[in-house]
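Q: Here you go, sequence then predicted model.
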Amino acid sequence: MSGGTKKYCPKCGEVHEVKVISPDWSVKTGWPEKTQRNFYLKRGDNKVQYFKRNMKCPETYHEWYSAEINYNDLLDLCNSKKKLTDEAVELNKTIESQQKEIGALKTTESILRDSMRSQEGILIIYEDEIEGFEDSIKAFKNSQIDLTLEYEQKSDELRELKNALQVIMKHVETEEV
Ligand SMILES: [Zn+2]
């Protein structure tokens, strides 16, 4: 049996009285294929039975397969598709926000690296200053040693002067007597 049923043609987007025919390839190759057969799709425990037919549009001569399935199975398939689409949207959002976080982390990292580099510069300057301070401290210590030696020398001289003074005073006292 063929023709008569009004169907939507995916090519011209209109409803025509389409014909149910043997598929083009079946005619060309001579391999027989029934115009309509029962099939089922099996995915794990899920089984969808459908009635497959090869349709032909009388206007555009476009051929396509249609599959008539149980309405509840169609609803299940639509619900599954919606659920998967929603999950994909959520996943995309998560990925986008993670990409933003990664971008922010990279910015922070480059700021940290910059400040580390500038602190290295500061450290080098400080090392120079510290070296300068150490030289000054060494110079102070040296002059302190010089001063100590000079002080000891002066103390000796003073002691000698005091001794000499004592001798002179004794002499003077002796003369007065
Ligand atoms: Zn058409």
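A: Received the coordinates, thanks.

Q: Near the ion, which residues of this protein are found?
A: By CB under 5 Å from the ion, the residues of the chain that approach the ion are Cys9, Lys11, Cys12, Cys57, Glu59, Thr60, His62. For every residue, glycine as well, the C-beta is placed using N, CA and C.

Q: which among these end up buried?
A: Cys9, Cys57 (16 or more other CB atoms under 10 Å).

Q: Quick check: of the residues of the chain next to the ion, which lies closest to Leu74?
A: Of all those, Cys9 has the smallest distance to Leu74: 19.6 Å, by CB to CB.

Q: who touches that closest one in this structure?
A: Val15, His16, Val18, Met55, Cys57, Glu59, Thr60, His62, Trp64 (CB atoms under 8 Å, 6 or more residues apart in numbering).

Q: go with 10 Å
A: Val15, His16, Val18, Met55, Lys56, Cys57, Pro58, Glu59, Thr60, His62, Trp64 (CB atoms under 10 Å, 6 or more residues apart in numbering).

Q: any chance of these in TSV, plus distance to Ala88?
A: Below are the contacts of Cys9 laid out as TSV (distance: CB to CB, whole Å):
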residue	distance to Ala88
Val15	32
His16	35
Val18	34
Met55	31
Lys56	35
Cys57	33
Pro58	39
Glu59	37
Thr60	34
His62	31
Trp64	27
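
Q: Helices - which of those residues land there?
A: Under the assignment DSSP state H, the contacts of Cys9 contribute nothing to helices.

Q: Which helix or which strand is home to Ala67?
A: strand 63-69 (DSSP states H and E).

Q: Sorry, slip of the keys, the one I care about is Ile137.
A: Per DSSP H and E: helix 71-176 holds Ile137.

Q: can I assume Lys6 is in contact with Met55?
A: No - using CB atoms under 10 Å, Lys6 is not in contact with Met55, being 11.3 Å away.

Q: Those two - which one has more neighbours?
A: Between Lys6 and Met55, counted using other CB atoms under 10 Å, Met55 has the larger neighbour count: 21 against 8.

Q: ok, and the closest non-adjacent residue to that one?
A: Spatially, and ignoring its direct neighbours in sequence, Met55 is nearest to Val18 (4.7 Å; CB to CB, 6 or more residues apart in numbering).

Q: before we move on, what about Tyr40?
A: Gln49 (4.4 Å).

Q: Any stretches of the protein with poor pLDDT?
A: By pLDDT under 70, the low-scoring segments of the chain are 1-3, 24-27, 30-33, 171-177.

Q: Roughly how far does the residue positioned nearest the centre of it sit from the ion?
A: Central residue of the chain (CA atoms, centre = their mean): Ile102, 2.9 Å from the mean position. According to CB to the ion, to the nearest Å, Ile102 and the ion sit 49 Å apart.
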